[in-house]
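Chemist: Got a predicted structure plus its sequence, pasted below:
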Amino acid sequence: MDSYIEKIGKYSVSYFNKIEFRNLKKEIFKDEIYNLDINIGKDKATRVNIIDVGAYIGLSILYFKSRFPNAHIIAFEPNPNVFPLLQENIEYNNIKNVQLHNIAIGKKSERRKLYIETSGFMAFSTASFRKDAWNGKQKSRPIIVQTEPLSKYIDKKVDILKIDVEGAEHEILKELDESKGFSKIENLLIEYHPSKNGKLQNLEKILRRNGYTISYRKDGEGLENGVEELILIVAKKTV
């Protein structure tokens, strides 16, 4: 598959789809949707532990590394069409202390269907466990990927957990709740995708039960309350 290359600050980034790339670039680097007002990484000698679930081509990793140069990042991207591009973006930019895993995160260890778009435009960021994407507006076909529970990879404090999984966020949070994984996680950034099986109030209950305060963002702006739309949930540990 053909790819393009474009600069973001000091980074050179390869990507497939220009419209998709520029939308992601705006969200992550201009709107700074993953910016957290927390007191970590101020001392450059301090290592920040980050887990990135749904890393796609690596823009979120590059953003976190620009904020926290000493960060140790574990990242997951299940789509085998995308994973080589993710590896290229990390290796070409000489990004250190990043572990990349070509697997999906879900409720258990299993082989599972992941639906990827079939438009021909290679806009693969909407890969989902749900057919035709989380909103039902995109034609897709299934591929088989390996799925593992996130708790398998949490053996120390996690300063930031970022989740962008096109509708699978509820099962990931439920698994962390059942495995007591939240005890090691300080802050979460969750892309929320409305669905019949994953209502916002259900995610809120899990997070609040585990000692988090919650705020919301949409299009880079804060929201007073959560809504059943595509939004970002910001959860910070208070206890």
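Modeler: Done, it's in. Numbering: from 1, shown residues only.
Chemist: all contacts plus neighbour counts: C-alpha atoms, from now on.
Modeler: Will do.
Chemist: first to last residue in stretch 128-147, what's the distance?
Modeler: With Cα to Cα, to the nearest Å as the measure, stretch 128-147 spans 12 Å from end to end.
Chemist: One more: stretch 32-50?
Modeler: Distance between the two ends of stretch 32-50: 17 Å, counting by Cα to Cα.
Chemist: so where do the strands sit in the protein?
Modeler: 4-8, 11-15, 49-53, 72-76, 98-101, 104-106, 110-117, 140-149, 158-163, 185-192, 212-218, 221-223, 231-237 (DSSP state E).
Chemist: okay, those strands, which one's buried deepest?
Modeler: strand 104-106 (a mean of 25; mean count of other Cα atoms under 10 Å).
Chemist: Who are the packing partners of it?
Modeler: Judged by 3 or more Cα pairs under 8 Å, 6 or more residues apart in numbering; DSSP states H and E, the packing partners of strand 104-106 are strand 140-149, helix 169-179.
Chemist: what's next to the first one, contact-wise?
Modeler: Read it as strand 140-149. 78-79, 103-119, 131-133, 172, 175 (Cα atoms under 8 Å, 6 or more residues apart in numbering).
Chemist: hmm, back to that, could the helices and strands packed on strand 104-106 go into a markdown table alongside distance to residue 158 and mean pLDDT?
Modeler: Listed next are the helices and strands packed on strand 104-106 as a markdown table, based on distance: least, Cα to Cα, whole Å; pLDDT from 0 to 100:
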| stretch | distance to residue 158 | mean pLDDT |
| --- | --- | --- |
| strand 140-149 | 16 | 95 |
| helix 169-179 | 13 | 96 |
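Chemist: For these, give me JSON lines that also has distance to residue 194.
Modeler: Shown next, in JSON lines, are the helices and strands packed on strand 104-106 (distance: least, Cα to Cα, whole Å):
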{"stretch": "strand 140-149", "distance to residue 194": "19"}
{"stretch": "helix 169-179", "distance to residue 194": "10"}
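Chemist: Residue 33 is nearest to which of those?
Modeler: helix 169-179 (17.3 Å; Cα to Cα).
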